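[1] attaching a predicted model along with its sequence, questions to come.
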Amino acid sequence: MNPAKVLVVTVLAGTLSIGAALFGERWFAKQDIDLSGRGDDGRIATLPDLRLPDLSGQEIASNAWGGKVVVLNFWATWCPPCLREMPMLDELQRGVDAGELQVVGIAIDAREAVERFLAENQVEYQILLGDADTVALSRRLGNRTGGLPFTVVFDPLGRRVFSHTGEITADLVRARILPLLDQETG
């Protein structure tokens, strides 16, 4: 084959390949198919299937929170910002119908430390015990630095709608969580 024919065949094959790839990408986008199970930013886009123990050792599964706004808050007893935001999260849980909201504190800490802390600082929301796999999960949920506290919020359909590394504020609760609950934002 002469070099001109090789060049034409190569360009034609390349053009067809690129065209097929572009068509496929657009087709999948129109079908709203997520082949990876992740959002556009690579983070987990839906409430994961969690199964973690509470302080009594009972395993709690995330499917128990179906149909509710879910606030997962990763924390530790040795983390001052974590401890500062806990009263606000407790107030949030107490102020909203339990059928609409579930705040879940996931302690990245030793069971004994969590038990001592909660004996002196009672909270109304659910506290579960995390481990190394739970820390890895927090990273897949958007906690790039692995810092604490880390909060991620899911809407009633289980879609991740917000995540924040660091202490959350009342302003963030008003702006990002209360609208999901049809509560006053003022």
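    Arrived safely, thanks for sending. Numbering: from 1, shown residues only.
[2] any weak-confidence spans in the protein?
    Per-residue confidence for the chain (pLDDT under 70) gives these ranges: 1, 4, 6-41, 183-186.
[3] what about the strands in it?
    When assigned using DSSP state E, the strands of the chain occupy the ranges 51-53, 59-61, 69-75, 101-107, 126-129, 150-154, 160-165.
[4] in JSON lines, list those strands along with mean neighbour count and distance to Leu118.
    Every residue, glycine included, has its C-beta placed from N, CA and C. Below are the strands of the chain laid out as JSON lines (neighbours: other CB atoms under 10 Å; distance: least, CB to CB, whole Å):
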{"stretch": "strand 51-53", "mean neighbour count": "15", "distance to Leu118": "14"}
{"stretch": "strand 59-61", "mean neighbour count": "12", "distance to Leu118": "16"}
{"stretch": "strand 69-75", "mean neighbour count": "24", "distance to Leu118": "11"}
{"stretch": "strand 101-107", "mean neighbour count": "24", "distance to Leu118": "9"}
{"stretch": "strand 126-129", "mean neighbour count": "20", "distance to Leu118": "7"}
{"stretch": "strand 150-154", "mean neighbour count": "25", "distance to Leu118": "19"}
{"stretch": "strand 160-165", "mean neighbour count": "18", "distance to Leu118": "23"}
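[5] in a markdown table, list those along with distance to Val114.
    Rendered in a markdown table, the data for these read as follows (distance: least, CB to CB, whole Å):
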| stretch | distance to Val114 |
| --- | --- |
| strand 51-53 | 11 |
| strand 59-61 | 14 |
| strand 69-75 | 9 |
| strand 101-107 | 5 |
| strand 126-129 | 7 |
| strand 150-154 | 17 |
| strand 160-165 | 21 |
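[6] how's the protein carved up into domains?
    The chain breaks down into these domains under automatic domain parsing: 1-33, 51-181.
[7] those: which one's closest to Gly42?
    In this view, the domains of the chain are compared for proximity to Gly42 by CB to CB, and domain 51-181 is the closest at 8.6 Å.
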